[in-house]
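In: model the following, please.
(2 chains)
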Amino acid sequence: MDEKFDVIVIGAGFGGPIAAKICAEAGLKTLLIERSKNIGDKVISGLTIPFYGFLFGPAFIRDGNPPFERPADGIVNFIIKDIDKGDIDVDDSLRVPKPFGPIIAFGYNTYCKPFCEWEVKKAVEAGVVVQTSTTVIDVIKKNGCIKGIITDKDERIGSKMVIDAEGSQGLVAIKAGIREKYPPETISLADTYDYEMPKNSIDRIFGYSVKMCWGWDEQKVAPPLGYGNGLMVWPYRESLHFMQDQCLRLHSKVPNLPKLFEEYHENITTKLPWWKDQVAPRAKLRARMWEGFEIYVGLNGRLREMPNHTDGMILIGDAAGLESTELCDGVPAAWFSAEIAAKVAIEAIKLNDTSKSFLKKYDDMIKSHPIIQWSISGRNRYNLRMAQIEHDEVKLKKYIHNGWGLGSLTHFTTPLLKVLFSSIKNDTSIVTKWIKMYFRNYQNWIYETYEFSEKDYKFQTLSKRPEFGQALFTSILNILNSLLKVASKFKRLYSKSLISLSEFSNPFLSKILPKFEPRYLKLVRFFEPFLNRLSQKILSFIERADPKTFYVA
Amino acid sequence: MIKKSHKFPGVEWIEGTGDFINISEDKCSGCANCVKICLGSCFKIVHRKAKIVNLENCMECASCWYVCPEDAIDFAWPKGGTGYRSNWG
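Out: As a prediction, the model looks like this:
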């Protein structure tokens, strides 16, 4: 049959448009298919896209103006020992210290719909053909090779390659014979509530921090059957997003989910002091939605090895089981895998070899990606659950600290540094792009200046810009750029020393962090007034600066 | 396309989905896992067999399909442009 397209991408979520855009930019005829009527109609929110997605993900996101709701500077963990007596401990050690936060954000809290719309519009600009309201029901197979897709309108659309970004259920991937259905143990159902709330109340109660709650099972605050499940509340611009999640089956038991979620949600919203006293009087429920995510696939070695490609077809993001067990976030892995898949697909089409053995390249690159592998194979949530079952407070606090506190540095630093150093090795100018991104994103958050936003641009037209500050900022970045360029001449030394040094960072930090951390926190507290003043100055500079200062050419 | 309000706030239901969830009566053992897991109360046990009673409460999460021990539930995506939708995702 005729190949109408070079590449067909199934699903316009976070990963699909990225893969489609890159293929189109390489001159391939690309079709992006989405089953909902409008982009983002069927996505579920409640997320912070972590900084590493923005730093190491697609360049147009890093250098562009994507729509997000609020920068996140860290996490406040509430460890609930007795909710009735108000016996609650707090671990808020994971916070970007002033004056870096909230500019150098830990991540960006986001509604998925506008973000996916923005990605799709960028893909369309690159030449991608988008077809919505179309469900893919099967693939076209020819001599065992995937040669296109079949839609619910009985269309048969031929292509040289199919990239499947349909999400964790993987119905098309299963039909194509690539992978099997995930067992219910690996799926967590996320029950989300969207609340409207005045911005000034959110600023005061949350600031830039995500709040998480953990508790003993009998406290009935965070669903008990998952692997150490907690619940999270994200502050957005003028709304809150609340999420509780629950594993679909554990120890052969299927929970009564409607009863459980209602009971726990009721409990937390009527008993937890900060929700009851501060949030409840100001928040108005606007939407409730849920979706299953394969966040425990990584805990199972066999499932982690499940195939992610076949002749003519590649799976990316959640369809490939890449949702993070560590941070319960699938966006960075969807972006990374989309970029890798597009790169491999372009090469395969160029060489006219879309065979499984050639596409194995994709699998190899996923398996050797330090951040993807770290994020899908972490055991922290599992350990946390065991601590809850044993009712061991010391262990519980340890794993909360290791997962959502400063202790996360002890397992995250090596993968982070590896990707960081290799990104700089490829392009030294990326460092100044990162810095500009942080400054630009903060300014965009203040003025709500996102591309394709329905709202009007709200940039202040200031008569007096901080000329000196702008010049200083630009000069510092120029000097930094030149220094990095000089340093790049010593590439061999660099790859041998720094990149291999990162190998030792996790064990090193595990040893020194426990001793260093109390001193660090004391130091931060001691210098707080000074750091706050400094932070105010930098923030006010960004607010008044000419937006062009932070643009990437 | 007729839009209806969904059982849950902030969500709409666009008709014309087709029967995207199908239960094989022969395979169903009446274990009620689907009833227990479904947040939309889409299922009911009638004469020891699962039946779909409120498909328009569905959020297409496929939990029923995951938890069915007999593989009696066949889950597909609804027809393009139909099913649940929201502005708040």
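In: going forward, measure contacts and count neighbours with C-alpha atoms only.
Out: OK.
In: residues of chain B that sit close to chain A?
Out: Contact residues (C-alpha under 8 Å from any C-alpha of the partner chain) of chain B with chain A: B:8-11, B:33, B:36-40, B:59-63, B:66-67, B:76-82, B:84-89.
In: and the residues you listed, which are buried?
Out: In those, burial by neighbour count holds for B:10-11, B:33, B:36-40, B:59-63, B:66-67, B:76-82, B:84-89, counting by 16 or more other C-alpha atoms under 10 Å in any protein chain shown.
In: what's the closest non-adjacent residue to residue A:334?
Out: Using C-alpha to C-alpha, 6 or more residues apart in numbering or on different chains and skipping residues adjacent in sequence, the residue nearest residue A:334 is residue A:317, 3.8 Å away.
In: got the phi/psi numbers for the one you found?
Out: With angles defined as degrees, to the nearest 10, residue A:317 sits at phi 60, psi -140.
In: wait, it sits on residue A:323?
Out: Yes: if you go by C-alpha atoms under 8 Å, residue A:317 and residue A:323 touch, sitting 7.0 Å apart.
In: overlap in contacts, the two.
Out: Common neighbours of residue A:317 and residue A:323, counting by C-alpha atoms under 8 Å, 6 or more residues apart in numbering or on different chains, are A:330-331, A:333.
In: what about those, which are in helices?
Out: The helices in this structure, assigned by DSSP state H, contain A:331, A:333 from the shared contacts of residue A:317 and residue A:323.
In: save the shared contacts of residue A:317 and residue A:323 as a markdown table, and put in distance to chain B and neighbour count too.
Out: A markdown table is the format used below for these (distance: C-alpha to the nearest C-alpha, whole Å; neighbours: other C-alpha atoms under 10 Å in any protein chain shown):
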| residue | distance to chain B | neighbour count |
| --- | --- | --- |
| A:330 | 15 | 27 |
| A:331 | 14 | 25 |
| A:333 | 20 | 30 |
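In: contacts only, for residue 5.
Out: If you meant another chain, say so; for now it's chain A. Contacts of residue A:5 (C-alpha under 8 Å, 6+ apart): A:28-31, A:157-160.
In: switch to chain B, please.
Out: For residue B:5, the contact set (C-alpha under 8 Å, 6+ apart) comprises B:11-13.
In: which of those residues sits closest to chain A?
Out: residue B:11 (6.7 Å; C-alpha to the nearest C-alpha).
In: phi, psi for the residue nearest to the closest one when sequence neighbours are not counted please.
Out: Distance criterion C-alpha to C-alpha, 6+ apart; nearest residue to residue B:11, sequence neighbours excluded, is residue B:86 at 4.8 Å. Main-chain torsions, residue B:86, degrees, to the nearest 10: phi -150, psi 160.
In: was I right about residue B:86 contacting residue A:42?
Out: Yes: between residue B:86 and residue A:42 there is a contact at 6.6 Å, judged by C-alpha under 8 Å.
In: can I take it that residue A:387 is in a strand?
Out: No: applying DSSP: H, G, I helix; E, B strand; the rest coil, one finds residue A:387 to be helix, outside a strand.
In: point out where chain B drops to low pLDDT.
Out: Counting by pLDDT under 70, chain B contains no low-confidence residues.
In: how many neighbouring residues does residue A:351 have?
Out: Per other C-alpha atoms under 10 Å in any protein chain shown, the neighbour tally for residue A:351 reads 10.
In: any idea how far it is from chain B?
Out: For residue A:351, the distance to chain B equals 34 Å [C-alpha to the nearest C-alpha, to the nearest Å].
In: so what's residue 53 up against?
Out: Here I'm looking at chain A. A:331-333, A:335-336.
In: that's the wrong chain, I wanted chain B
Out: Contacts for residue B:53 (C-alpha under 8 Å, 6+ apart) come out as B:42-44.
In: over to residue A:88?
Out: A:78-82.
In: excluding sequence neighbours, find me the nearest residue to it.
Out: Excluding the flanking residues, the one nearest residue A:88 by C-alpha to C-alpha, 6+ apart is residue A:80, at 4.5 Å.
In: give me the pLDDT for residue A:205.
Out: What the model reports for residue A:205 is a pLDDT of 97.
In: tally of neighbours for it?
Out: Counted by other C-alpha under 10 Å, the residues lying close to residue A:205 total 15.
In: could you dump stretch A:83-96 to CSV, C-alpha only?
Out: The C-alpha trace of stretch A:83-96 is given here as CSV (Å, rounded to 0.1, in the frame of the first residue of the first chain):
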residue,chain,number,x,y,z
ILE,A,83,-4.5,13.8,62.7
ASP,A,84,-7.1,14.2,65.5
LYS,A,85,-4.5,15.4,68.0
GLY,A,86,-2.7,17.5,65.3
ASP,A,87,0.5,15.5,65.9
ILE,A,88,2.2,16.3,62.6
ASP,A,89,5.9,16.6,61.8
VAL,A,90,7.3,18.6,58.9
ASP,A,91,10.2,17.9,56.5
ASP,A,92,10.7,20.8,54.2
SER,A,93,14.4,20.3,53.6
LEU,A,94,14.0,20.1,49.8
ARG,A,95,13.8,23.7,48.9
VAL,A,96,15.9,25.8,46.5
